[in-house]
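Student: Quick one, structure for this:
(one chain, ligands or ions: 1)
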Amino acid sequence: MHPFKRLFIYAKSYQKDVILASIYSSLNKIFDIMPEILIGIAIDTVVNKQNAILSKLGISSAKEQILFLGIITALIWILESFFEYLYSIKWRNIAQNLQHDLRMDLYSHIQKLDISYFENKNTGNLLSILNDDINQIERFLNNGINSIIQVFLSSTLIGIIFFILTPSIAILSLVPIPFILFGAFYFQRKIGPKYYNVRENAGELNSILNNNILGISTIKSFTTENYEINRIKSLSNKYRKSNHEAIKISSAITPIIRMAVMMGFMLILIYGGFLTLENKLNVAIYSILIFLSQRLLWPLTGLSEITDNYQRSLASINRVMDLLKTPIKIIEQGERLNLIQTKGEIICKDLKFSYLTSPVLKNININILPGETVAFVGTTGSGKSTLLKLFLRFYEKTSGQILIDGKDISEINLFDLRKSIGYVSQDIFLINGTIAENIAYGSFHATLEEIKNAAKLAESHEFISLLESGYETKIGERGQKLSGGQRQRLAIARAILKNPPILILDEATSAVDNETELAIQKSLEKLVLGRTTILVAHRLSTIRHADKIFVFDHGEIMESGNHETLVMKKGIYSGLWSIQMGEKI
Ligand SMILES: Nc1ncnc2c1ncn2[C@@H]1O[C@H](COP(=O)(O)OP(=O)(O)OP(=O)(O)O)[C@@H](O)[C@H]1O
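Tutor: Prediction:
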């Protein structure tokens, strides 16, 4: 489907506004052309006086005719300005509303896409669709459609006036049009790839600038400042050079097209002048033709810019619409889950999963009773986090079943499923707000008292109280102003405040010191009461008190049982435990 048809279908609710805006644009153009005709009438009046056209309307005195013309001119200019105001407001508001709708629809659609979608896409590209492409559509709607309407309307109207006044001169005025059109499209095609290079180079430069600002501490610690300056310099130079090339062509377009306009103007000036000298053409008509020839030809020079803008918008519309059409694999519908009644029993039956082709989880069978505290341990990359992500349905299992309270999670409403799980992941997401806002993220109605209680259970209250503004302290982008351990404790407090029937802590205390961890464990004793808790930790002292420990290896559960039984078993767990205890094995 043509991109504009796609946009038109999307923007159906704006149809009325678009029609109105088009009417305003057309009326503005009609009033814009009229003053040139008035000039001709004015000349006719001063030359022919009592015999002028206006006298045929019943205004006999030449002075009255001039006064009448003055009034009409004022009226025309007022109306022209009035419709310019109306079309400008209308088109720009349409552009604003549509870009807002597009951005919001796109963002909420993206939020529903599964995690694997984001893993396979370039974040920079997604951001550029959300920003640059939507802005490009906005720019085009701001003035692009108006320009197209006005160029075609003015050329058609002026062409008609030419043919009515003198068909022979009308044909002369058409001579330069093929040259202008050819020039406009030729240059546009030549400049297209140059602009593409400019955009590519700008993208490259932006991405490295962004990366460097995020990684400033690594740059400083490796003292690679000069190396980075040189890298940026070479990319910035590349960007500058590509712009120079585009500028060379773009600056030549108007002067060259002006030559074609000059040709048309000259032909009319000379030929029309001869006709007038021979009294074959009225002086007034001659002057109208001279003025209108400029008005006919000049706007066509803008075609190169319009087509450039149009082409860029076509690409942007396609990118935006394609993203909006990306299918949502994991759908929100399903059986509602009563959070208060959820007991938190989790069963995996013959569960298999692979991200791509090689299996990451092979035949997982586990049974977690309501209220139990279990732990997943095992070598790095053995599939622990993957299983947790399957509980949250970040990915769809390949085969087998995951049941919560006997219900297959693929049949549970996704929103309810995730509401029932408090998940602290390895990569913590903190918002650029205050401590209190971060703890209450997702539990927006929590009172300060509840926030403080959650912070106390997560062993955070003490360090928060020492901060200058306490719970109102701003923690910076991604929580940069906090230590790794403090960030983890905020994330735990956030999960506690959510008060879910199932709590998952994936390496949630890896960055806190032993003393704090011991304190968090103490809090956990209270916390785990009445809910199912899953802990993942490499530091085995963290999970030794779990009711059940599942030992993962290469996507399989090799051992399970409590700490004592597993140590006695002298298998993988016991080996890991001995290493951590510093014993020789
Ligand atoms: N998004 C992904 N796409 C493809 N492969 C992945 C993805 N995430 C993880 N993997 C792979 O799946 C395997 C299991 O990873 P997972 O994160 O579940 O391990 P883990 O046991 O939690 O490890 P760790 O203890 O280091 O956190 C690894 O081999 C990893 O490379």
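Student: drop to CA atoms for contacts and neighbour counts, all remaining ones
Tutor: Noted.
Student: Setting aside sequence neighbours, what's the nearest residue to Asn367?
Tutor: If the residues on either side of it in the chain are set aside, Asn367 comes closest to Ile347, at 4.5 Å by CA to CA, 6 or more residues apart in numbering.
Student: and that neighbour, backbone torsions?
Tutor: phi -130, psi 130 (degrees, to the nearest 10).
Student: Equivalent analysis for the one 3 residues further on, please.
Tutor: Recorded main-chain torsions at Asp350 are phi 40, psi 50, according to degrees, to the nearest 10.
Student: My guess is it contacts Gly400. True?
Tutor: Yes - Asp350 is in contact with Gly400 according to CA atoms under 8 Å; the separation is 4.8 Å.
Student: any common contacting residues for those two?
Tutor: When contacts are counted by CA atoms under 8 Å, 6 or more residues apart in numbering, Asp350 and Gly400 are jointly contacted by Asn363.
Student: Where does pLDDT dip in the stretch 151-300 of the chain?
Tutor: Using pLDDT under 70 as the threshold, the predicted model of the stretch 151-300 of the chain has no low-confidence range.
Student: give me the number of residues near Ser475?
Tutor: Not Ser; residue 475 is Ile. Burial of Ile475, expressed as a neighbour count using other CA atoms under 10 Å, amounts to 18.
Student: cool, and the one 4 residues further on?
Tutor: Residue neighbour count, defined by other CA under 10 Å, stands at 22 for Gly479.
Student: how far away is it from the ligand?
Tutor: Per CA to the nearest ligand atom, to the nearest Å, Gly479 is found 22 Å from the ligand.
Student: mind checking the SS state of the closest residue to that residue other than its chain neighbours?
Tutor: Once flanking residues are discounted, Gly479 sits nearest to Leu430: 5.7 Å by CA to CA, 6+ apart. Reducing the assignment to helix, strand or coil with DSSP: H, G, I helix; E, B strand; the rest coil, the entry for Leu430 is coil.
Student: elements contacting the host helix or strand of Leu267?
Tutor: The secondary structure element spanning Leu267 is helix 225-277 (assigned by DSSP states H and E). The elements that helix 225-277 packs onto, with contact taken as 3 or more CA pairs under 8 Å, 6 or more residues apart in numbering; DSSP states H and E, are helix 167-174, helix 176-214, helix 283-301.
Student: The ligand: which of the ones you listed is closest?
Tutor: Between the ligand and the helices and strands packed on helix 225-277, the shortest gap by CA to the nearest ligand atom is with helix 176-214, which sits at 21.3 Å.
Student: quick check: angle from that closest one to helix 283-301?
Tutor: 40 degrees (axes from the mean of the first three to the mean of the last three CA atoms, to 10 degrees).
Student: what's the spacing between helix 176-214 and its chain's center?
Tutor: The offset between the C-alpha centroid of helix 176-214 and the centroid of the whole chain comes to 21 Å, using CA atoms, centre = their mean, to the nearest Å.
Student: now it and helix 225-277, what's the angle there?
Tutor: An angle of 160 degrees separates the directions of helix 176-214 and helix 225-277 when computed by the same axes, to 10 degrees.
Student: for helix 176-214, packing partners?
Tutor: Under the contact criterion of 3+ CA pairs under 8 Å, 6+ apart, helix 176-214 touches helix 225-277, helix 283-301, helix 303-324.
Student: measure the closest residue to Ile288 other than its chain neighbours to the ligand for me?
Tutor: Counting by CA to CA, 6+ apart, Ile288 lies nearest to Gly40, which is 5.0 Å off, once chain neighbours are set aside. Counting by CA to the nearest ligand atom, the gap from Gly40 to the ligand is 74 Å.
Student: Wait, Gly40 touches Ser287, no?
Tutor: Yes - applying CA under 8 Å, one finds Gly40 in contact with Ser287, separated by 5.9 Å.
Student: Endpoints of stretch 54-63, how far apart?
Tutor: With CA to CA, to the nearest Å as the measure, stretch 54-63 spans 11 Å from end to end.
Student: Okay, buried residues for that stretch please.
Tutor: Burial within stretch 54-63, assessed by neighbour count using 16 or more other CA atoms under 10 Å, is assigned to 54-55, 59-60, 62.
Student: quick one: contacts of that stretch?
Tutor: Stretch 54-63 is touched from outside by 41, 45-46, 49-50, 65, with contacts defined as CA under 8 Å, 6+ apart.
Student: still on that earlier bit, buried sites along the host helix or strand of the residue nearest to Ile288?
Tutor: Secondary structure assignment for Gly40, by DSSP H and E: helix 15-48. Counting neighbours by 16+ other CA under 10 Å, one finds that the buried residues in helix 15-48 are 18, 20-46.
Student: and after that helix, which helix or strand comes next?
Tutor: Later in the chain than helix 15-48, the nearest helix or strand by DSSP H and E is helix 62-112.
Student: got the angle between that following helix and helix 303-324?
Tutor: Calculated by the same axes, to 10 degrees, helix 62-112 forms an angle of 30 degrees with helix 303-324.
Student: elements contacting the helix or strand following helix 62-112?
Tutor: Stepping forward along the backbone from helix 62-112, the first helix or strand reached (DSSP H and E) is helix 115-120. Contacts defined by 3+ CA pairs under 8 Å, 6+ apart place helix 115-120 against no helix or strand at all.
Student: got the contact list for helix 115-120?
Tutor: Counting by CA under 8 Å, 6+ apart, helix 115-120 makes contact with 394-395, all of which sit outside it.
Student: I'd like the average pLDDT over it.
Tutor: Mean per-residue pLDDT for helix 115-120: 82.
Student: What of stretch 319-336?
Tutor: This predicted structure assigns stretch 319-336 an average pLDDT of 83.
Student: residues making contact with that stretch?
Tutor: With contact meaning CA under 8 Å, 6+ apart, stretch 319-336 is reached by 6-7, 105-106, 109-110, 112-114, 129-130, 133-134, 393, 396, 410-416.
Student: Can you select the buried ones from those in PyMOL?
Tutor: In PyMOL syntax, the buried subset of the contacts of stretch 319-336 is picked out as below (16+ other CA under 10 Å):
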select buried, resi 7+106+109+110+113+114+129+130+133+134+393+396+410+412+413+414+416
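Student: for the contacts of stretch 54-63, which one is nearest Asn212?
Tutor: Nearest to Asn212 among these: Ile41, at 66.7 Å, using CA to CA.
Student: And for the closest one, nearest residue in space, chain neighbours not counted?
Tutor: Distances taken as CA to CA, 6+ apart put Ala284 closest to Ile41, at 6.4 Å, once the chain neighbours are dropped.
Student: what does the stretch 251-400 of the chain have sitting close to the ligand?
Tutor: Within the stretch 251-400 of the chain, the positions adjacent to the ligand are 355, 360, 380-386 by CA under 6 Å from any ligand atom.
Student: Just the buried ones from these?
Tutor: In terms of neighbour count (16+ other CA under 10 Å), the buried residues within those are 360, 382-386.
Student: What about these, which are in strands?
Tutor: Taking DSSP state E, every one of those sits outside strands.
Student: want to try TSV for those, with pLDDT as columns?
Tutor: Conversion of those to TSV gives the following (pLDDT from 0 to 100):
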residue	pLDDT
Val360	93
Ser382	90
Gly383	91
Lys384	92
Ser385	92
Thr386	93
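Student: And the furthest pair within these?
Tutor: In terms of CA to CA, these reach their longest pairwise distance at Val360 and Ser385, which sit 10.7 Å apart.
Student: returning to that earlier point: closest one to Gly530 out of the buried residues of stretch 54-63, please.
Tutor: Leu54 (95.6 Å).
Student: Next one: the closest one from the ligand, what distance?
Tutor: Separation of Leu54 from the ligand (CA to the nearest ligand atom) stands at 81 Å.
Student: mind checking pLDDT for that residue?
Tutor: In this model, Leu54 carries a pLDDT of 76.
Student: Helix or strand: which one has Ile366?
Tutor: Secondary-structure element containing Ile366, defined by DSSP H and E: strand 361-368.
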